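Novice: take a look and give me a structure for this.
(2 chains)
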Amino acid sequence: MSAPEGPGRLLDRSDPARAVGLDAHLARWGTLPVVAPEALLVAVEQSGLRGRGGAWFPVGTKWRAVAGGRRARPVVVANGPEGEPASGKDRYLLRHTPHLVLDGAAVAARAVGADRVVVHVTAEAVPGIGAALAERSRRAIDACTFEVVVAPDRFLSGQEAAAVATINGKNPGLPTFAGIRSVREQGVGGRPTLVQNVETLAHVALIARYGPQWFRSVGTYDSPGTALVTVTGRWESPRIVEVPLGTTLGGALGLGPDAASGIQGVLLGGYGGGWLPTATALTMPLTEEEARRHGSSIGAGVVVLLPTGICPLAEAARVVRYLEGEGAGQCGPCVNGLDLIATSMELLAHRPGSLRGGVAALPTLCGLVEGRGACRHPDGVARFVRTTLDIFADHATAHLRRGPCRTTPPFLALPAGTGSVASVAVRPGAVGTRSR
Amino acid sequence: MSRARYRMVVDPIACDGAGVCAELLPELISLDPWGFPIVHPGEVPRELVGLARRAETSCPRLALTLVRLDDV
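Specialist: Numbering: from 1, shown residues only, chains lettered A, B, ... in the order given. The predicted structure is shown next:
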């Protein structure tokens, strides 16, 4: 099999609603080469691959830490609950190319010395993964065992420690405190555990076949390869696009300067990410370093293009209230702080005259929750709020001077039941590939 | 022997904001508006390690831990 050229690696042009079966998968990519664990670790380290679940942590570093433990055999978790309401790329991979994900998990297991892989996904992905696992087991192509664990449909489900808690059946979906000992040392069943996002594993499946140099032939030194992004806000259905890192979102989406005038701002990284000015978001080289330099993150690859004519503060208030409700409710600063932040955002959006201390009170509140939870949930909310106030500062001033905007229908995607908008469903035909 | 260097870590899930730690060690621990501790993030100065030890053992929820810096 020849290595895929050009930026289109994970996305293909076949019907996105149907799964690529094992035969077609092997015809497209070939069988996984049998490589020694140490060589796999080195390949992943050299590839520079960074985790696509949101944190962009160097994958090789994580694998080395899990493989290096002297204790019990490690466990690998293929993590795909994708709790971000505006994200669809992980569900796309699980539904359409499950064998790429499962190949990557098998490679990870071999590399770190695990004999057990847990596929952690929400209920909707279970039948597809079950069918794919049945195909693999008929051919006996894997040296490790696979099992499927259903994730709760919650924002925090995919958080590393929350995933392990779900798999262990203890406080499902709730993060635990990892300040002293992380799941890498003590996770599933008390074993060292590698939790890796499903898109990350799909990239691994290709690195194992074509090597780190091939992987690095696209992207930048610090953000090599491609990334899947889910784009909403401009087209009727969400679009999943594969972006060569280091190129621009504007280029990948075909949005030039003229299109930018209809977009108020761009949310990058999801509801724990940050808003960027439209021109910045569309023209900066898309890398995690660049996103962080602008106070945001690529996160799990969520891109929301907010059109003009919608009150960004009302939308942000809805999202923050949703995030407050999705908190695990375990840590005092987060429980108290997020509620106060959500209330303040609601006041700014709808009754700005009642906001005590004005807009300046909000960054202070953010500072009181940052870094003080067992997980990074409060930090994500704080980043969302800080960048909202930053990018839409003029809008906030207008609220305080002239009162709130007239009400518009809810726009940003939230799961059904938390707002009046249905959750994002990526429909067939909505998936776009970047042309070669 | 007592050359070890320490920092303090609060388990925010275990902590219920009793505030004992801030009373014992106001030099390094303050309380937020809801009564939960804000802990000085750096190394515990050597002269305060004894008091930090007391704060650790006095926490009714055992939520405060002195962690050796070379352990993390």
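Novice: and the helices in chain B?
Specialist: In chain B, the helices defined using DSSP state H lie at B:20-24, B:49-58.
Novice: quick one: mean pLDDT over the last one.
Specialist: Helix B:49-58 carries an average pLDDT of 97.
Novice: does that helix come close to chain A?
Specialist: No. Remark: helix B:49-58 sits outside contact range of chain A, by Cβ under 8 Å from any Cβ of the partner chain, the gap being at least 12.7 Å. Just so you know, the C-beta spots here come from the backbone N, C-alpha and C atoms, and that holds for glycine as well.
Novice: what residues does chain A have near chain B?
Specialist: With Cβ under 8 Å from any Cβ as the criterion, chain A meets chain B at residues A:176-177, A:179-180, A:330-334, A:336-337, A:368, A:372-374.
Novice: what is the lowest-pLDDT residue among those?
Specialist: The weakest per-residue confidence within these falls on residue A:180 (65).
Novice: and the lowest-mean-pLDDT helix or strand in chain A, what's buried?
Specialist: With mean pLDDT, DSSP states H and E as the measure, the helix or strand of chain A carrying the lowest mean pLDDT is helix A:257-260 (a mean of 88). Counting neighbours by 16 or more other Cβ atoms under 10 Å in any protein chain shown, one finds that the buried residues in helix A:257-260 are residue A:260.
Novice: next: stretch A:263-278.
Specialist: A:263-278.
Novice: pLDDT score for residue 3?
Specialist: Picked chain A for this. Per-residue pLDDT puts residue A:3 at 69.
Novice: my question was about chain B, not that one.
Specialist: In the prediction, the pLDDT value recorded for residue B:3 is 73.
Novice: thinking again about what came up before, CA atoms of the least confident helix or strand of chain A as CSV?
Specialist: Output of helix A:257-260 as CSV, limited to C-alpha atoms (Å, rounded to 0.1, in the frame of the first residue of the first chain):
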residue,chain,number,x,y,z
PRO,A,257,-11.6,38.2,3.5
ASP,A,258,-15.0,38.9,2.0
ALA,A,259,-16.6,36.0,4.0
ALA,A,260,-15.0,37.3,7.2
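Novice: please, where are all the helices along the stretch 1-150 of chain A?
Specialist: For the stretch 1-150 of chain A, the helices identified by DSSP state H, counting those that start in this stretch occupy A:22-29, A:37-47, A:59-67, A:89-96, A:98-112, A:126-139, in order along the chain.
Novice: adding mean pLDDT, write the ones you listed out as CSV.
Specialist: Output for those, formatted as CSV (pLDDT from 0 to 100):
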stretch, mean pLDDT
helix A:22-29, 96
helix A:37-47, 98
helix A:59-67, 97
helix A:89-96, 97
helix A:98-112, 98
helix A:126-139, 98
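Novice: tabulate the ones you listed in CSV, adding columns for mean neighbour count.
Specialist: Shown next, in CSV, are the helices of the stretch 1-150 of chain A (neighbours: other Cβ atoms under 10 Å in any protein chain shown):
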stretch, mean neighbour count
helix A:22-29, 16
helix A:37-47, 18
helix A:59-67, 20
helix A:89-96, 26
helix A:98-112, 27
helix A:126-139, 15
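Novice: what is the burial count for residue A:189?
Specialist: Counted by other Cβ atoms under 10 Å in any protein chain shown, the residues lying close to residue A:189 total 14.
Novice: same check on residue A:406?
Specialist: Close neighbours of residue A:406, defined as other Cβ under 10 Å, add up to 7.
Novice: now swap in residue A:398 and tell me
Specialist: Applying other Cβ under 10 Å, I find that residue A:398 has 15 neighbouring residues.
Novice: chain center to the least confident helix or strand of chain A: distance?
Specialist: Taking Cα atoms, centre = their mean, to the nearest Å, one finds the center of helix A:257-260 at 27 Å from the center of the full chain.
Novice: which helices and strands does that helix pack with?
Specialist: For helix A:257-260, the packing partners by 3 or more Cβ pairs under 8 Å, 6 or more residues apart in numbering or on different chains; DSSP states H and E come out as helix A:278-283.
Novice: quick check: buried residues in the helix it packs on?
Specialist: Residues A:278, A:280-283 are the ones in helix A:278-283 that count as buried (16+ other Cβ under 10 Å).
Novice: do stretch B:38-58 as well
Specialist: Residues B:38-40, B:44, B:48-49, B:51-52, B:55-56 are the ones in stretch B:38-58 that count as buried (16+ other Cβ under 10 Å).
Novice: need the buried residues of helix A:278-283 in TSV with distance to residue A:202 and pLDDT, can you?
Specialist: Formatted as TSV, the entries for these read as follows, by distance: Cβ to Cβ, whole Å; pLDDT from 0 to 100:
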residue	distance to residue A:202	pLDDT
A:278	30	97
A:280	29	97
A:281	25	97
A:282	26	97
A:283	28	97
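Novice: among these, find me the one that's closest to chain B.
Specialist: The closest of the buried residues of helix A:278-283 to chain B turns out to be residue A:280 (Cβ to the nearest Cβ; 31.3 Å).
Novice: quick check: the gap between the residue positioned nearest the centre of chain A and residue A:159.
Specialist: When Cα atoms, centre = their mean is applied to chain A, the residue found nearest the centroid is residue A:300 (2.1 Å). When Cβ to Cβ, to the nearest Å is applied, the distance between residue A:300 and residue A:159 equals 12 Å.
Novice: tell me how chain A divides into domains.
Specialist: Taking automatic domain parsing as the criterion, chain A consists of the domains A:22-216, A:312-402.
Novice: quick one: which of these is nearest residue B:22?
Specialist: In this view, the domains of chain A are compared for proximity to residue B:22 by Cβ to Cβ, and domain A:312-402 is the closest at 13.2 Å.
Novice: for residue 16, the count of nearby residues, please.
Specialist: Just going to use chain A. Burial measure for residue A:16: 21 neighbouring residues, criterion other Cβ under 10 Å.
Novice: the intended chain is chain B.
Specialist: Here the neighbour count serves as a burial measure; for residue B:16 (other Cβ under 10 Å) it reads 13.
Novice: for residue A:317, same thing?
Specialist: Residue A:317 has 23 neighbours, counted by other Cβ under 10 Å.
Novice: who's in contact with it?
Specialist: The neighbours of residue A:317, taking Cβ atoms under 8 Å, 6 or more residues apart in numbering or on different chains as the test, are A:342, A:345-346, A:348-350.
Novice: closest to residue A:151 out of the helices of the stretch 1-150 of chain A?
Specialist: Residue A:151 sits nearest to helix A:126-139 of all those, at 9.9 Å, using Cβ to Cβ.
Novice: so what's the gap between the closest one and the chain middle?
Specialist: Averaging C-alpha coordinates over helix A:126-139 and over its chain gives two centres that are 25 Å apart (Cα atoms, centre = their mean).
Novice: give me the angle between it and helix A:98-112.
Specialist: Computed by axes from the mean of the first three to the mean of the last three Cα atoms, to 10 degrees, the angle separating helix A:126-139 from helix A:98-112 equals 60 degrees.
Novice: just the strands in chain B please.
Specialist: B:6-10, B:29-31, B:37-39, B:64-68 (DSSP state E).
Novice: check which helices and strands the first one sits against.
Specialist: Judged by 3+ Cβ pairs under 8 Å, 6+ apart, strand B:6-10 is in contact with strand B:37-39, helix B:49-58, strand B:64-68.
Novice: can you redo these as CSV with distance to residue A:214?
Specialist: Supplementary listing: those in CSV, determined by distance: least, Cβ to Cβ, whole Å:
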stretch, distance to residue A:214
strand B:37-39, 46
helix B:49-58, 51
strand B:64-68, 42
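Novice: circling back: go through the contacts of residue A:317 and name the one nearest chain B.
Specialist: Closest approach to chain B among these (Cβ to the nearest Cβ): residue A:342, at 15.1 Å.
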